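*Asks:* no sequence for this one, just the structure:
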């Protein structure tokens, strides 16, 4: 409900919000104590100002307490804070009705009634209309700011902003001795200590959500935040101080009305010009820093691109250099197994089989590295042409069938007649060999099935196995380069972790994709999508597909 309140523990924003809550609680408690012991200084700070009423002090303590509860917004604390906010709203609403009806309802002014009666506030014990509105706005703001609904939080910020305006007007009224600004009612007004408490409350509420709305401009650590934190306090205080100085000068007859206005305008203009110059200075520094960062980024990017080209060139050369001796090794193994160089014992034949398996594994790894290098260079796909899916699947099955037979797996493939895709037959075959090879590798018993079908404007080829499966958390990571499932699987299964990464990148270059659906322990289904030749032929961008080859015996009838 309220776990998204962003006044995190230990942050400056949380400390400001907490300070606002404590200020309201302590001011309310001070005034309540003043009424209890009859100390007028505690009620109004200074005898020259109005006193905060006792029921107003209760409202202040309740509102400040709600802000403090929301500092650690557990479910119970939020419920308690909202209960206090509801109490404050009802108290203010009853006071408002009492003023409008001219009748005190529910004895809302009963606290310390004998002492309150001695003051000229009427009706007795009812706080002023501006205080009533400020309390109601504060209660609504507390409800909204603790909500998970964005619109409710926006309403809360608006209520707090209006509350700040009401408190500011009252403070200026006391500063400039202008009763019309703090006393809307004939016999009641907002006391100075009340205005200070309301200001603390609204600031405390706003800083409960410091990273939303206009508050984010103040609290963030970017240029705007730093600039506002430096200029905003002075921008608010300087005109107020100039106004107070102007009034004091007029009362002391230091200058005439006209000269006083002129001096006020001159000082205010000078301040505004200084603020603008400071802002321009910050912006220039930020622009210079951004320019330096951009230049550094361009330098680093150029160095990275050069390093990437060097890596690609190195991998390309080394891949070719490695494939040549590995092919020679496999060739010599074939010669030795055929007996051309002499009889081969069973033990030697076993060793030759292991040599062939290791060399073949190295060739597959080198081929994946070479494909990755070509993909990085943007030259992996050499041509797009009509491709017979049945022919490609027949070749894939021919390569994978010995591996599946050696593990006792059933390898099947199905492709409707006349299914033609647009792509690079060599790369499409490489993708399916990678996927089918993984299916055989990670399946200890059961089957591996390859099926092709038309799906609208695309052709989908699925490779389904009954192997170990893939957890949901790993189903995207398996397409990362050099990534393999961690733990025991890395010891049981070989591989460099490039096959799936290369397959997906090749498929996307062909205009399709590779996706996976799997359940841990329940097998996996990889789906390759490619563009259908029928769509391309209809648009005239690809020539008609060649005649299909006869059905391969590798496909079941």
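*Replies:* Great, that's in hand. If you're wondering where the values come from, they're calculated on a predicted model, not measured in any experiment.

*Asks:* so what are the domain limits for the protein?
*Replies:* As assigned by automatic domain parsing, the chain contains the domains 12-220, 314-376, 382-539.

*Asks:* Would you mind measuring the gap between the ends of stretch 93-112?
*Replies:* 21 Å (Cα to Cα, to the nearest Å).

*Asks:* Then stretch 201-210?
*Replies:* Stretch 201-210 stretches 15 Å from its first residue to its last (Cα to Cα).

*Asks:* and the helix or strand harbouring residue 396, what other elements does it pack with?
*Replies:* Residue 396 is part of helix 389-406, with elements assigned from DSSP states H and E. On a contact count with 3 or more Cβ pairs under 8 Å, 6 or more residues apart in numbering; DSSP states H and E, helix 389-406 meets strand 410-414, helix 425-441, strand 447-455, strand 458-465. Glycine gets a C-beta too; all of them are placed from N, C-alpha and C.

*Asks:* Which of the domains of the chain has the lowest mean pLDDT?
*Replies:* Of all those, domain 314-376 carries the lowest average pLDDT, namely a mean of 73.

*Asks:* Looking at the domains of the chain, which one is packed in the most?
*Replies:* Most buried of the domains of the chain, by mean neighbour count (mean count of other Cβ atoms under 10 Å): domain 12-220, with a mean of 20.

*Asks:* start to end distance for that domain?
*Replies:* From its first residue to its last, domain 12-220 covers 11 Å (Cα to Cα).

*Asks:* Distance to residue 122 added to the helices and strands packed on helix 389-406, as CSV?
*Replies:* Written out in CSV, the entries for the helices and strands packed on helix 389-406 read as follows (distance: least, Cβ to Cβ, whole Å):
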stretch, distance to residue 122
strand 410-414, 94
helix 425-441, 87
strand 447-455, 82
strand 458-465, 82
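
*Asks:* To residue 359, which of these lies closest?
*Replies:* Across the helices and strands packed on helix 389-406, the minimum distance to residue 359, taken as Cβ to Cβ, is reached by helix 425-441, at 16.0 Å.

*Asks:* Could I get the full set of strands for the chain?
*Replies:* Under the criterion DSSP state E, the chain contains strands at 385-388, 410-414, 420-423, 447-455, 458-465, 513-518, 524-532.

*Asks:* I'd like the domains of the chain as a markdown table, with distance to residue 295 appended.
*Replies:* Shown next, in a markdown table, are the domains of the chain (distance: least, Cβ to Cβ, whole Å):
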| stretch | distance to residue 295 |
| --- | --- |
| domain 12-220 | 25 |
| domain 314-376 | 26 |
| domain 382-539 | 31 |
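
*Asks:* And those domains: which comes nearest residue 289?
*Replies:* Going by Cβ to Cβ, the one of the domains of the chain nearest residue 289 is domain 12-220, 16.6 Å.

*Asks:* how far away is the residue lying closest to residue 12 once chain neighbours are set aside from residue 153?
*Replies:* On the basis of Cβ to Cβ, 6 or more residues apart in numbering, the spatially nearest residue to residue 12 that is not a chain neighbour turns out to be residue 219, at 7.3 Å. Taking Cβ to Cβ, to the nearest Å as the measure, residue 219 falls 15 Å from residue 153.

*Asks:* rewinding a little: what's the angle from the helix holding residue 396 to helix 425-441?
*Replies:* Between the axes of helix 389-406 and helix 425-441, defined by axes from the mean of the first three to the mean of the last three Cα atoms, to 10 degrees, the angle is 30 degrees.

*Asks:* quick one: helix 389-406 to strand 447-455, angle?
*Replies:* Taking the same axes, to 10 degrees, one finds that helix 389-406 is oriented at 170 degrees with respect to strand 447-455.

*Asks:* Pull the contacting residues for residue 450.
*Replies:* Residue 450 sits next to 393, 396-397, 411-414, 432, 436, 461-464 when contact means Cβ atoms under 8 Å, 6 or more residues apart in numbering.

*Asks:* Distance-wise, check it relative to residue 27.
*Replies:* With the distance defined as Cβ to Cβ, residue 450 ends up 78 Å from residue 27.

*Asks:* check contacts around residue 54.
*Replies:* Taking Cβ under 8 Å, 6+ apart as the criterion, residue 54 is in contact with 31, 32, 35, 111, 112, 116, 125.

*Asks:* if you look at these, which of them are in helices?
*Replies:* The subset of those located in helices under the criterion DSSP state H comprises 31, 32, 35, 116.

*Asks:* Contacts only, for the residue nearest to residue 12.
*Replies:* Remark: with contacts taken as Cβ under 8 Å, 6+ apart, residue 219 is in contact with 12, 13, 207, 210, 211, 225.

*Asks:* sorry, back to before: please produce CSV containing the contacts of residue 450, extended by distance to residue 202.
*Replies:* Listed next are the contacts of residue 450 as CSV, based on distance: Cβ to Cβ, whole Å:
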residue, distance to residue 202
393, 71
396, 71
397, 74
411, 73
412, 72
413, 72
414, 71
432, 66
436, 67
461, 64
462, 61
463, 63
464, 63
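
*Asks:* how about residue 139, what does it touch?
*Replies:* Applying Cβ under 8 Å, 6+ apart, one finds that residue 139 lies in contact with 63, 85, 86, 88, 89, 92.

*Asks:* Which residue, other than its chain neighbours, is closest to it?
*Replies:* Computed as Cβ to Cβ, 6+ apart, the closest residue to residue 139 that is not its neighbour in sequence is residue 89, at 3.6 Å.

*Asks:* Could you say which one of the helices and strands packed on helix 389-406 comes nearest to residue 233?
*Replies:* Closest approach to residue 233 among the helices and strands packed on helix 389-406 is made by strand 458-465 (62.0 Å; Cβ to Cβ).

*Asks:* Quickly run through the sheet partners of that closest one, with directions.
*Replies:* Sheet pairing for strand 458-465, assigned by DSSP bridges, gives strand 447-455 (antiparallel), strand 524-532 (antiparallel).

*Asks:* For the ones you listed, could you give me a markdown table that also reports distance to residue 255?
*Replies:* Supplementary listing: the strands paired with strand 458-465 in a markdown table, determined by distance: least, Cβ to Cβ, whole Å:
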| stretch | distance to residue 255 |
| --- | --- |
| strand 447-455 | 87 |
| strand 524-532 | 83 |
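
*Asks:* Out of the ones you listed, which is closest to residue 344?
*Replies:* strand 447-455 (32.0 Å).

*Asks:* hey, what's residue 513 bridged with?
*Replies:* Using DSSP bridges, the beta-bridge partners of residue 513 come out as residue 529.

*Asks:* before we move on, back to that, and of the strands paired with strand 458-465, who's closest to residue 270?
*Replies:* Residue 270 lies closest, by Cβ to Cβ, to one member of the strands paired with strand 458-465: strand 524-532, at 69.0 Å.

*Asks:* Touching that closest one from outside, list them.
*Replies:* Contacts made with strand 524-532 from outside it, assessed by Cβ under 8 Å, 6+ apart, are listed as 420-423, 428, 431-432, 435, 438-439, 442, 454-465, 467, 469-470, 503, 507, 510-518.

*Asks:* okay, the angle between it and strand 513-518?
*Replies:* Here strand 524-532 runs at an angle of 160 degrees relative to strand 513-518 (the same axes, to 10 degrees).

*Asks:* on that earlier part again, can you pick out the most distant pair from the contacts of residue 219?
*Replies:* The farthest-apart pair in those, when distances are taken by Cβ to Cβ, is 207 and 225, at 13.7 Å.
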